[in-house]
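> with the sequence up front, the predicted model follows.
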Amino acid sequence: MKKKQLEILLERLESFLHPTPEREQYSTPAVVAAFLLHLAYLRGDLEGKNVCDLGCGTGVLAIGAALLGARAVGVEIDPEALRVARKNASKLGVDVDFILGDVGPICLKNVDTVVMNPPFGSQKASQGDRAFLRKAIQVATSVYSLHNLGSEGFIRRFVEPCKVEEIYKVPFPLRRCFEFHNEDVRIIEVELYRISCQPRS
């Protein structure tokens, strides 16, 4: 499947019904999700692999991974978001195993690849990206993760002994979803990291 074709399919998915700023519930835009997933697909990290989306929200990355041939799992702490995610998966006719849970204590086995757009930590009530990164490098050998611009030093130190293999600057269209937003769409720049870890025995 071509990247543009994937983007068009992901554009059809529903977003959060009642997003909360405390959890930084911003849907991953289809154009960003398609870029991340197509990169992972080209690197051989999706098709036929066990792929987990940590903090999956309404399921965009997990569903996109399934469309590209992955055995996909989505983990999310918000039950309302998971209801939307299940509806979205059904809409596109893919099988995704959605799990209600906190990424910190959850037990995940046989994960090859993690794809995620974690909270960036700009809200005190969110777990921020540390809990998500910690779990990702604990369970997977390949990680694709979106972070604030300028996070490279922190990410490289935090994931050691795993290695940051690639970094991409990605335009992220942030749509108005909270009262404090004063623009319909604001383009921010984020960083996409591809991280490799040694297989665990």
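Structure received.
> helices of the protein, start to end?
Counting by DSSP state H, one finds helices in the chain at the ranges 3-10, 30-42, 60-67, 79-92, 128-139, 152-159.
> and the gap between the residue nearest the centre of the chain and Asp129?
When Cα atoms, centre = their mean is applied to the chain, the residue found nearest the centroid is Met116 (2.1 Å). To Asp129, Met116 is 9 Å away according to Cβ to Cβ, to the nearest Å. All C-beta atoms are positioned from the backbone trio N, CA, C, and that covers glycine.
> so where is this protein shaky, pLDDT-wise?
Scanning the chain for pLDDT under 70 picks out 16-25, 120-127, 175-184, 200-201.
> hang on, the earlier thing: identify the contacts common to Met116 and Asp129.
Ser145 (Cβ atoms under 8 Å, 6 or more residues apart in numbering).
> mind listing what Ala140 touches?
Contacts of Ala140 (Cβ under 8 Å, 6+ apart): Cys52, Val111, Asp112, Thr113, Val114, Cys197.
> nearest to Val96 among these?
Cys52 (10.4 Å; Cβ to Cβ).
> just to revisit the earlier point, highest mean neighbour count out of the helices of the chain?
Among those, helix 60-67 has the highest mean neighbour count (mean count of other Cβ atoms under 10 Å), at a mean of 29.
> give me the angle between that helix and helix 30-42.
Relative orientation of helix 60-67 and helix 30-42, computed by axes from the mean of the first three to the mean of the last three Cα atoms, to 10 degrees: 40 degrees.
> not counting helix 60-67 itself, show me its contacts.
By Cβ under 8 Å, 6+ apart, the residues outside helix 60-67 that reach it are 1, 6, 9-10, 13, 27-28, 30, 33-34, 36-37, 40, 46, 51-53, 56, 72-74, 85, 88-89, 92, 94-96, 98, 113, 115-117.
> endpoint to endpoint, stretch 8-28 covers what distance?
Using Cα to Cα, to the nearest Å, the end-to-end distance of stretch 8-28 comes out at 14 Å.
> for the remainder of this discussion, apply numbering that starts at 30.
Will do, 30 is the new start, and the previous item becomes stretch 37-57.
> next, count neighbours for Gly133.
Counted with other Cβ atoms under 10 Å, residues neighbouring Gly133 total 12.
> pretty sure it sits against Lys164.
Yes: look at Gly133 against Lys164 with Cβ atoms under 8 Å: they come within range, at 6.8 Å.
> related to what we said a few turns ago, enumerate every residue touching the residue nearest to the centre of the chain.
Asp82, Leu83, Gly84, Cys85, Leu90, Phe161, Ala165, Val172, Tyr173, Ser174, Leu175.
> excluding its backbone neighbours, what's nearest the fourth one?
Excluding its sequence neighbours, the residue lying closest to Cys85 (Cβ to Cβ, 6 or more residues apart in numbering) is Gly103, at 3.2 Å.
> how about that neighbour, what does it touch?
Contacts of Gly103 by Cβ under 8 Å, 6+ apart are Cys81, Asp82, Cys85, Gly88, Leu90, Ala91, Leu111, Ala114, Val125, Asp126, Phe127, Ile128.
> and the residues you listed as TSV, adding distance to Tyr197?
Formatted as TSV, those follow (distance: Cβ to Cβ, whole Å):
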residue	distance to Tyr197
Cys81	21
Asp82	18
Cys85	21
Gly88	23
Leu90	15
Ala91	21
Leu111	29
Ala114	25
Val125	25
Asp126	28
Phe127	27
Ile128	28
